[in-house]
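Undergrad: Sharing a model that was predicted from the sequence below.
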Amino acid sequence: MKRFAGIVLCAVLLITLAAGAAAAGKVTLVLSGWQASPEEQQLVKDALEVFAKKYPDIEVKYEPIVEDYSTKIKTMLAARNAPDVFYVDIFWAEPLMKRGMLLALDPYMAKTGTKRSDFAETLLNGFTYNGKTYGIPKDFNTLGLFYNKKMFDEAKIPYPTPDWTWDTLRDVAKKLTKVVGDPAKDRYGICLPVDAARFRPFLVQSGAQFVDKTGTKCLFASPEGIRALDFYTSFKTKDKSAVIPSEVGAGWGGDAFGKERVAMVLEGGWLIPYLNNNFANVEYGVCELPKGPAGRGNVYFTVSYSVAASCKHPEEAWLLVEHLTGYENQKKVLETGFALPTRVALGDHPFFKDNPNMAAIFKGYAYAVPWQFGEHSEKIMNVLNQAIEKVYLKNESPEKAMKDAVKEIDGILSE
């Protein structure tokens, strides 16, 4: 009964807010995101059709940005001519929040009865600054351990389980590696590219903290951070059980996995449609990432629907955000298998029982850190990539590579 009363109250609030918009005449909003896949664009268009019927006095123009989205949207925000509602990647959300370029949504959320607790806290925190909410995550991904069932069966190795540890992963990767001297026939246990995003979960699993309390000193040169880099690179430098994609004629890890040149990769849910469309004969499964010395760890990738601080119709813009991130729209997106929901009420949806691969990726958010390093994310990511590359290609020790990286990161943090 209380739940029903709450739904009625929320509906009344939405009608009241919409009536206010109608009284002011027809309002036009611009919605932007990057040039996404045809599937994502169709989902957005479908959602906008429903929104148009719900709010006939609010017209939404959907204008995806084709090239260099982040640079263009930041330029538009600085010039105060940004779209009303647009994607904000968690990777570069923090500086936009700090500089007041985004609208705090809390007052508008209150009007429609939308609570922060409706969404996964871990994800929502990535768009929170000084206690205020500057975006609602539209969906998300974490990394899962994709494994080739045929290769495991041929090696008579049981499929991965959530109880796997670092030692298990390393041991199995060695057993699955078969190098016969013919590049077309060589098979490797795992693909571990020069990529800070794939490396980040191991830092978390090792117990390495990013910065100290002041936020000006990077702590990755700690024993835990060095241990993570040593472990990540040891598959390639010591065991010869890992490769980077280009070494097996692949453009990225998912491609190497699809071509069955590697038995395992760390990828997100985006690999599932990629395999279905390009390598439909590959039999695979997905498991949560192995546990490290400090326990579980992962990284999450997410994008918010945010509103520009310069938006002339903030109430109507919020209604659009509320609709796009609402229960019914997220439910529809989930049921297509395209993306994972950020609304906690959808966590026990029957979809996950029928789709264990997506369920494994979904579970990762509970112990994941956001894919960002604060205001200087891109620079710090590049430094970590260089550290991995130095170990891989220049035979530099993980300790030296990480210590040098931290010196550079400290300089970036002081900018």
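TA: That came through fine. Residues are numbered from 1 along each chain as shown.
Undergrad: so where's this structure uncertain?
TA: For the chain, applying pLDDT under 70 flags the ranges 1-24.
Undergrad: tell me, what residue is most central in it?
TA: residue 301 (1.1 Å; CA atoms, centre = their mean).
Undergrad: and that residue, helix, strand or coil?
TA: strand (DSSP: H, G, I helix; E, B strand; the rest coil).
Undergrad: which strand residues sit across from it in the sheet?
TA: For residue 301, the beta-bridge partners are residue 141 (DSSP bridges).
Undergrad: residues contacting it?
TA: By CB atoms under 8 Å, 6 or more residues apart in numbering, the contact list for residue 301 reads 90, 140, 141, 142, 197, 268, 371. C-beta: built from backbone N, CA, C; applies to glycine.
Undergrad: now residue 395
TA: residue 237.
Undergrad: what's the spacing between it and residue 389?
TA: 11 Å (CB to CB, to the nearest Å).
Undergrad: dump the residue contacts of residue 371.
TA: When contacts are counted by CB under 8 Å, 6+ apart, residue 371 touches 90, 91, 197, 200, 299, 300, 301, 302.
Undergrad: Could you identify which of those has the most neighbours?
TA: residue 302 (30 neighbours; other CB atoms under 10 Å).
Undergrad: Excluding chain neighbours, give the residue nearest to that one in space.
TA: Ranked by CB to CB, 6 or more residues apart in numbering and with sequence neighbours excluded, the top spatial neighbour of residue 302 is residue 140, at 4.0 Å.
Undergrad: Run a quick neighbour tally on the one you found.
TA: Counted with other CB under 10 Å, the neighbours of residue 140 add up to 27.
Undergrad: Give the buried residues for stretch 46-61.
TA: With burial defined by 16 or more other CB atoms under 10 Å, the residues of stretch 46-61 counted as buried are 47, 48, 51, 55, 58, 60.
Undergrad: So residue 218 sits against residue 414, correct?
TA: No - using CB atoms under 8 Å, residue 218 makes no contact with residue 414, being 10.6 Å away.
Undergrad: Just want to know which of the two has more residues nearby.
TA: residue 218 (26 against 8).
Undergrad: Tally up the residues packed near residue 67, please.
TA: Neighbour tally, residue 67, other CB under 10 Å: 8.
Undergrad: Look up the closest residue to it, ignoring the ones flanking it.
TA: residue 35 (7.6 Å).
Undergrad: these two touch, right, the one you found and residue 68?
TA: No - applying CB under 8 Å, one finds residue 35 not in contact with residue 68, separated by 10.4 Å.
Undergrad: Next, the contact list for residue 149, please.
TA: 159, 283, 284, 285.
Undergrad: rerun at 10 Å
TA: Going by CB atoms under 10 Å, 6 or more residues apart in numbering, residue 149 touches 159, 263, 282, 283, 284, 285.
Undergrad: And the closest residue in space to the fourth one that isn't next to it in sequence, how close does it get to residue 281?
TA: Right, residue 283. Excluding the flanking residues, the one nearest residue 283 by CB to CB, 6+ apart is residue 149, at 4.3 Å. Residue 149 sits 12 Å away from residue 281, going by CB to CB.
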